[in-house]
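Undergrad: attaching a predicted model along with its sequence, questions to come.
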Protein chains: 2
Amino acid sequence: MTNLTKRSNRPKEKDIVITRSAQGFESFREPFRSTLKSIEPIGKDLLSAAQAKIDNKTKPLGSLGKLEDLAVQLCLIQKKLNPRLYRKSMFVFAADHGIVEEGVSAYPSEVTGQMVKNFLEGGAAINVLCRQCGIDIRVVDMGVAGDIENHPLLLNKKVRKGTRNFALAPAMTPEETVSAVQNGAEVFLNEYESNPIDIVGLGDMGIGNTSSATAIICAICDISPAEATGRGTGIDYKALKHKAEVIERALRFHRPNPKDALDVLQKVGGFEIAGIAGAALAAASKRTAVVLDGVISTAGGLIAYLINPNIQGFLISGHRSVEPAQETALAFMELEPLVDLNMRLGEGTGAALAIHFAEAAARIMREMASFEEAGVTKKI
Amino acid sequence: MTNLTKRSNRPKEKDIVITRSAQGFESFREPFRSTLKSIEPIGKDLLSAAQAKIDNKTKPLGSLGKLEDLAVQLCLIQKKLNPRLYRKSMFVFAADHGIVEEGVSAYPSEVTGQMVKNFLEGGAAINVLCRQCGIDIRVVDMGVAGDIENHPLLLNKKVRKGTRNFALAPAMTPEETVSAVQNGAEVFLNEYESNPIDIVGLGDMGIGNTSSATAIICAICDISPAEATGRGTGIDYKALKHKAEVIERALRFHRPNPKDALDVLQKVGGFEIAGIAGAALAAASKRTAVVLDGVISTAGGLIAYLINPNIQGFLISGHRSVEPAQETALAFMELEPLVDLNMRLGEGTGAALAIHFAEAAARIMREMASFEEAGVTKKI
């Protein structure tokens, strides 16, 4: 836990339903509004049985560390003591950002569309990591500035050709904001209907999107851009300072309501971040485990959490990003990252590696012998 | 890097050959002596080409963090720019420890043999994690107190039925020490001859062995047991204090020569730790990547490193253990752990998870598109 984190804005258990039904749900159309309402808290019915089961495996108590917590979480999510990850999926949400005009990124916007093509052709890091683990991948055009040719792995959910420059105007209209979140949910639910998904990684692509993600996290978690802004794809110190100032100024100008996820998203968000939020909410409604990636994906998770905090128990933080804002958002949601390899690529790469850990946790729950089964003496 | 670490005893580049040929190699018999001499430094011939290749993949420079370093290391080890891990193996070295008489462990010695049977039946955590990743597993009886029935996965290299209680006497005779290291090497080389191994994890099983591993690390790295001793399988604070005192007293009594790996091993070591050291050295002689596990495996790696520091470039630290001594040993060898999940089980479990990362790194080097191949614009 970091001293960057102020939890004052975190919804209290008892506030949750009231806050959300008052500010969030009715902005959405059916069927998404019903999806939102259908998200139940993860539930603790199996908690003691799951904990007893893992405690009785042939190993010193707690010695598998975070893998044990993950194993228990998967039991709760799947409501069974033998969790299994049949279908593992990765959605990479892509969009462009008007804020790039302010010189906040080391790469030009055209790279977003180029990387989407790279994903579709299987040449990016996320493709490699998904192939390694048997994770199927879908790429979602939420708002790429360029046109992307049809492809079997491409889902076209473009809301607009990139957001507006949030240094000058709200990033999206209220209607675009709602559509983007709903589109993310639709994408997940359509895939889920064709073949249920047991665990989903939510990745991103969008030049300029660390600026948007940082602005979202600063607005919701009440920290300053000077502390929270990172180097994104690799800007130098001078550009970093400029980026933090751009975000600072924009937040002062827009004054987003930190309790209203849609207001934050509309003013400083991104279409891919909105899509991630929608997909996370839809996944939780189906009791699918949701693996967040780096700072962008975590910002999407944070938006989803603010819309319906019941998703908390379905969320897994895939990896610790180098971006400072991520830690604050994770602390806000009481999540701890699994993979810690100094990565800062996005795309879902940290989530893909973490899905291997989740698979390991599920297998440990299913396959490891108990002290009784193995005839091993317990602790003295 | 920790302030626990004093590097004064770390061999200087130029001292290496002299120190070792004077104190180490001639203690061993052929063919192991030749194996030791045949270990070349990893070599840097391909370093700039490998670095250029990873830098030119479609991602911001350095954004895959430690996976990139790992990818480059695998290139250097395999002397090619398309590293591949065909055969992945795990050796679990098991032995008992006389020091258990001092009340340093939460489990009785009989658990070592019981867990060996569990490994052979496929019910332990290491079995689960190896199955998940296609890692074949071998269990080596280096000195288990009980008798273990024959099994296709069991390699019988028992030196003695457990070490002597090192609080009272040297753990092994000089002859047993040499045999144990050589046995570890033989086990690896026999398997390697039947089918080459590209990456090997080195795990351990031995009730009482965190005491031995901690004593080894304290002796070699010159830190105090009060700082370095951990809770092993899960002793309470009082037992922890006692364990540190037992180690402290033993080190004062034996005064092992910190520059002489065999002296340290003989006085406070364990047969499985010696086996791990021998296997690490043999693997490096074949240019096989060696993945260390927790504090026991790392102590074995440290012994190997002291015998021939040329192995350094072949070593990968699989995971960060909860045991405090491990960090000191890793710093001594200039290694950084990959997995960090608060694990403290041993068996090779952290190494098995890290082998997934190594596989990811190798695939990234082979499969990811370059900027040119994918037609993606480079940094502004």
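TA: Arrived safely.

Undergrad: contacts, neighbours, all on C-alpha from now
TA: OK.

Undergrad: what number of residues lie near residue A:134?
TA: For residue A:134, the count of nearby residues is 14 (other CA atoms under 10 Å in any protein chain shown).

Undergrad: just the pLDDT for the residue lying closest to it once chain neighbours are set aside.
TA: The spatially closest residue to residue A:134, leaving aside those adjacent along the chain, is residue A:88, at 7.1 Å (CA to CA, 6 or more residues apart in numbering or on different chains). Residue-level confidence at residue A:88 comes out at 98, pLDDT.

Undergrad: so what's residue A:88 up against?
TA: Contact criterion CA atoms under 8 Å, 6 or more residues apart in numbering or on different chains gives A:134-136, A:197-200, A:355 as the residues in contact with residue A:88.

Undergrad: repeat for residue A:239
TA: Neighbours of residue A:239 in contact, by CA under 8 Å, 6+ apart: A:103-104.

Undergrad: ok, residue A:135 next?
TA: Residues in contact with residue A:135 (CA under 8 Å, 6+ apart) are A:87-90, A:352.

Undergrad: top of those by neighbour count?
TA: Counting by other CA under 10 Å, top hit in the contacts of residue A:135: residue A:352 with 34 neighbours.

Undergrad: for that residue, give me the pLDDT.
TA: At residue A:352 the predicted local confidence, pLDDT, stands at 98.

Undergrad: same deal with residue A:11?
TA: According to the model's per-residue confidence, residue A:11 sits at a pLDDT of 56.

Undergrad: give me the distance from stretch A:304-316 to the chain's centre.
TA: With CA atoms, centre = their mean, to the nearest Å as the basis, stretch A:304-316 stands 10 Å off its chain's centre.

Undergrad: so which bits of the stretch 1-150 of chain A are right by chain B?
TA: A:58-67, A:106-108, A:110-111, A:114-115, A:118, A:123-125, A:128-129, A:132 (CA under 8 Å from any CA of the partner chain).

Undergrad: at 7 Å what do you get?
TA: Residues of the stretch 1-150 of chain A lying close to chain B (CA under 7 Å from any CA of the partner chain) are A:58-60, A:63-66, A:106-108, A:111, A:114-115, A:118, A:123-125, A:128-129.

Undergrad: returning to that earlier point: out of the contacts of residue A:88, which are inside strands?
TA: Among the contacts of residue A:88, the members falling in strands (DSSP state E) are A:135-136, A:199-200.

Undergrad: can you pick the most crowded of these?
TA: Compared across the ones in strands among the contacts of residue A:88, residue A:200 has the highest neighbour count, 28 neighbours, by other CA under 10 Å.

Undergrad: excluding chain neighbours, what is closest to the residue of the stretch 151-300 of chain A found nearest chain B?
TA: Each residue of the stretch 151-300 of chain A has a distance to chain B, by CA to the nearest CA, and the smallest belongs to residue A:233, at 5.4 Å. Using CA to CA, 6+ apart and skipping residues adjacent in sequence, the residue nearest residue A:233 is residue B:60, 5.4 Å away.

Undergrad: now do the contacts for that neighbour.
TA: The neighbours of residue B:60, taking CA atoms under 7 Å, 6 or more residues apart in numbering or on different chains as the test, are A:233-234, A:345.

Undergrad: okay, those in CSV with neighbour count next?
TA: Rendered in CSV, the data for the contacts of residue B:60 read as follows (neighbours: other CA atoms under 10 Å in any protein chain shown):
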residue, neighbour count
A:233, 22
A:234, 18
A:345, 27
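
Undergrad: so can I have TSV of these showing pLDDT?
TA: Conversion of these to TSV gives the following (pLDDT from 0 to 100):
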residue	pLDDT
A:233	87
A:234	90
A:345	96
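
Undergrad: out of the residues you listed, who's nearest residue A:226?
TA: Using CA to CA, residue A:234 is the member of the contacts of residue B:60 that sits closest to residue A:226, with 16.7 Å.

Undergrad: just checking, that closest one touches residue A:106?
TA: Yes. Counting by CA atoms under 7 Å, residue A:234 sits close enough to residue A:106 to count as a contact (6.0 Å).

Undergrad: burial count for the nearest residue to residue A:315 once chain neighbours are set aside?
TA: Of all residues not flanking residue A:315 in the chain, residue A:290 sits nearest, at 4.9 Å (CA to CA, 6+ apart). Neighbours of residue A:290 under the rule other CA under 10 Å: 30.

Undergrad: which SS state does residue A:290 fall under?
TA: Applying DSSP: H, G, I helix; E, B strand; the rest coil to residue A:290 yields a three-state assignment of strand.

Undergrad: residue contacts, it?
TA: With contacts defined as CA under 7 Å, 6+ apart, residue A:290 is in contact with A:199-201, A:280, A:283, A:314-316.

Undergrad: export the residues you listed to JSON lines and tack on pLDDT?
TA: What follows is those, written out as JSON lines (pLDDT from 0 to 100):
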{"residue": "A:199", "pLDDT": "99"}
{"residue": "A:200", "pLDDT": "99"}
{"residue": "A:201", "pLDDT": "99"}
{"residue": "A:280", "pLDDT": "98"}
{"residue": "A:283", "pLDDT": "98"}
{"residue": "A:314", "pLDDT": "98"}
{"residue": "A:315", "pLDDT": "98"}
{"residue": "A:316", "pLDDT": "98"}
